[in-house]
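A.B. asks: Turn this into a structure:
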Amino acid sequence: SILCKKKKRQSDACSSSNRTKVMSKTTSSTSCSCRQRNVYRQYHKGPPNDHESVSKEVLHLRLMMLSCENNPPYGPSVNTAKMLLDIIVRARLSAWFGHDVGFGNQDRSSVQHALIEGSESDIQEEMNNDVYINHSETSGASVSIFVYECKDIDYPVSETEWNLYRGILLPGSFNSAYDTDKWIDVLKRVLRNEVHAKRRRTLGICFGHQILAHSLGEEGGVAVKCPAGPQAGGRNFKLTKAGKEVFGKNYHRAFGNGCTNDEEHDLQDSSRDCCRGKVDVHLLYTHGDMVQELPTCALSLGGNLNVPIQSAAYFLNSEKAKRFGVINSTVEEDEDKQPYAITFQAHPEYASPTFVETTLTNVVNAMVKRGAISSESQEKNLRNVHDNFLQFSADSLFVITNACILFGWL
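C.D. replies: I've put the predicted structure just below:
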């Protein structure tokens, strides 16, 4: 069901067969400068009773998405938000229950949609009051994505509004990070001043991976067309030392792998099967650009021959990046030593049967129509995705779960 909250055009909203309820809100002033905010929420099972204490902010996770694509098949924002909801909810369930309990069990039709409309104070009041949160026993937790449309120069207007969210999602786009469109210039400025300078927890995907690097061009970040040509389908890459540091420490926490609570040992002990962690990662791709150089404040987490920088971690400055992993620390001990952003050239959000059959397949087909890849490559790549889907799905969940652990999103 889709829950649509509007103060106008209720009859239009009710005409849609999949909208079950419409509520209205009167704005405080008819002369105000009105804004709109689309919100997508997925309820899911809460953590087990014996799980360590989880705060309300984590239990009912609230994220903002800087949407960069309106056009299908990757867009519009509702499609992107649903893909991200799916993989983040699965990551939370996996960390809490030890395996992918959400795979194939999440009812995507139950994603609720709300449209908050009013003045800035109206919108902030709605967010602060958490009026949509369902506190029933069957929906013990939730993830909400509040959408900001970058192409409309739509961003939080105050520090208070930025701070309403526990993190930022920076997803894909058909544009390039080096394009000269006004909205891209504004986005790069926002990333420098609001995300990097203030170390806001950020998950970047594909275009998000590229634009964050390119926005820090004064520190050496550069995005370019991929010299090896557009990439589509499944690919794997080797983790760097920093990549093993980011993912290895949380490997058995996220997936179990034989470790028990009373076994305390070095997570880098390669003599133990449970702690060898990942050496390489298999993910899903559709892209034509790549990050050629990272800014000095970032570290590569892995790469392959065609795309040497497949994933990256961002720090406050180059000194913090250089010292990452040198001194053992946790987020609780010294958050300043941890990366504030993790980015992927891949699309982990594709990794469900629904989105492979729809979004991924349709994007690959669009690449053929544009002449980016051949029909032979299309057939080969899609066959590889279907034949090895469980591997791609497991590794996509793996990297997102580790990012969520790092960011304190579960």
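
A.B. asks: so where's the stretch 301-410 of the chain uncertain?
C.D. replies: 326-335 (pLDDT under 70).

A.B. asks: at 90 instead, please
C.D. replies: 323-338, 353 (pLDDT under 90).

A.B. asks: Can you show me the helices along it?
C.D. replies: 318-323, 353-355, 361-369, 375-387, 389-407 (DSSP state H, counting those that start in this stretch).

A.B. asks: Which among those helices is found nearest to residue 310?
C.D. replies: helix 389-407 (10.4 Å; C-beta to C-beta). Every C-beta, even on glycine, is put in place using the N, C-alpha and C of the backbone.

A.B. asks: tell me which strands and helices the closest one is in contact with?
C.D. replies: helix 77-97, strand 202-205, helix 241-248, helix 251-255, strand 280-287, strand 341-344 (3 or more C-beta pairs under 8 Å, 6 or more residues apart in numbering; DSSP states H and E).

A.B. asks: Take these and lay them out in TSV including mean neighbour count and distance to residue 310.
C.D. replies: Listed next are these as TSV, based on neighbours: other C-beta atoms under 10 Å; distance: least, C-beta to C-beta, whole Å:
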stretch	mean neighbour count	distance to residue 310
helix 77-97	23	17
strand 202-205	26	12
helix 241-248	22	9
helix 251-255	19	18
strand 280-287	22	8
strand 341-344	27	7
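
A.B. asks: on that earlier part again, and the helices of the stretch 301-410 of the chain: which comes nearest residue 98?
C.D. replies: Per C-beta to C-beta, nearest to residue 98 of the helices of the stretch 301-410 of the chain: helix 389-407, 11.0 Å.

A.B. asks: circling back: between the helices of the stretch 301-410 of the chain, which one is nearest to residue 304?
C.D. replies: helix 389-407 (13.7 Å).

A.B. asks: Low-confidence ranges, this protein, go.
C.D. replies: Using pLDDT under 90, the chain drops low at 1-37, 43-56, 94-140, 245-279, 323-338, 353.

A.B. asks: Quick check, residue 362 in contact with residue 73.
C.D. replies: Yes: in this structure residue 362 lies within contact range of residue 73 using C-beta atoms under 8 Å: 3.5 Å.

A.B. asks: picking that back up, could you save the helices of the stretch 301-410 of the chain as TSV and add columns showing mean neighbour count and distance to residue 58?
C.D. replies: Below are the helices of the stretch 301-410 of the chain laid out as TSV (neighbours: other C-beta under 10 Å; distance: least, C-beta to C-beta, whole Å):
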stretch	mean neighbour count	distance to residue 58
helix 318-323	14	25
helix 353-355	16	25
helix 361-369	17	32
helix 375-387	15	33
helix 389-407	22	10
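
A.B. asks: quick revisit: just put the helices and strands packed on helix 389-407 in a markdown table and tack on distance to residue 398.
C.D. replies: Formatted as a markdown table, the helices and strands packed on helix 389-407 follow (distance: least, C-beta to C-beta, whole Å):
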| stretch | distance to residue 398 |
| --- | --- |
| helix 77-97 | 9 |
| strand 202-205 | 14 |
| helix 241-248 | 7 |
| helix 251-255 | 7 |
| strand 280-287 | 7 |
| strand 341-344 | 12 |
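
A.B. asks: of all the ones you listed, which lies closest to residue 151?
C.D. replies: Using C-beta to C-beta, those put helix 77-97 closest to residue 151, at 10.1 Å.

A.B. asks: Go through the helices of the stretch 301-410 of the chain and name the closest to residue 92.
C.D. replies: helix 389-407 (6.6 Å).

A.B. asks: what's the span of stretch 155-164, first residue to last?
C.D. replies: 13 Å (C-alpha to C-alpha, to the nearest Å).

A.B. asks: actually stretch 153-165, sorry about that
C.D. replies: 19 Å.

A.B. asks: Okay, buried residues for it please.
C.D. replies: For stretch 153-165, burial by neighbour count (16 or more other C-beta atoms under 10 Å) applies to 154, 155, 156, 161, 162, 165.

A.B. asks: Tell me how many other residues crowd the closest residue to residue 284 other than its chain neighbours.
C.D. replies: Spatial nearest neighbour of residue 284, chain neighbours left out: residue 350 (4.4 Å); criterion: C-beta to C-beta, 6 or more residues apart in numbering. The number of residues packed near residue 350 is 29, by other C-beta atoms under 10 Å.

A.B. asks: Tell me the secondary structure at residue 64.
C.D. replies: Under DSSP: H, G, I helix; E, B strand; the rest coil, residue 64 falls in the strand class.

A.B. asks: who touches the closest residue to it other than its chain neighbours in this structure?
C.D. replies: Leaving aside its sequence neighbours, residue 64 sits nearest to residue 165 (C-beta to C-beta, 6+ apart; 4.3 Å). Residue 165 sits next to 62, 63, 64, 146 when contact means C-beta atoms under 8 Å, 6 or more residues apart in numbering.

A.B. asks: possible to save those residues as a markdown table with distance to residue 229?
C.D. replies: Supplementary listing: the contacts of residue 165 in a markdown table, determined by distance: C-beta to C-beta, whole Å:
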| residue | distance to residue 229 |
| --- | --- |
| 62 | 39 |
| 63 | 33 |
| 64 | 34 |
| 146 | 36 |
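
A.B. asks: Which one of those residues is nearest to residue 234?
C.D. replies: Each of the contacts of residue 165 was scored against residue 234 by C-beta to C-beta, and residue 63 proved nearest at 26.8 Å.
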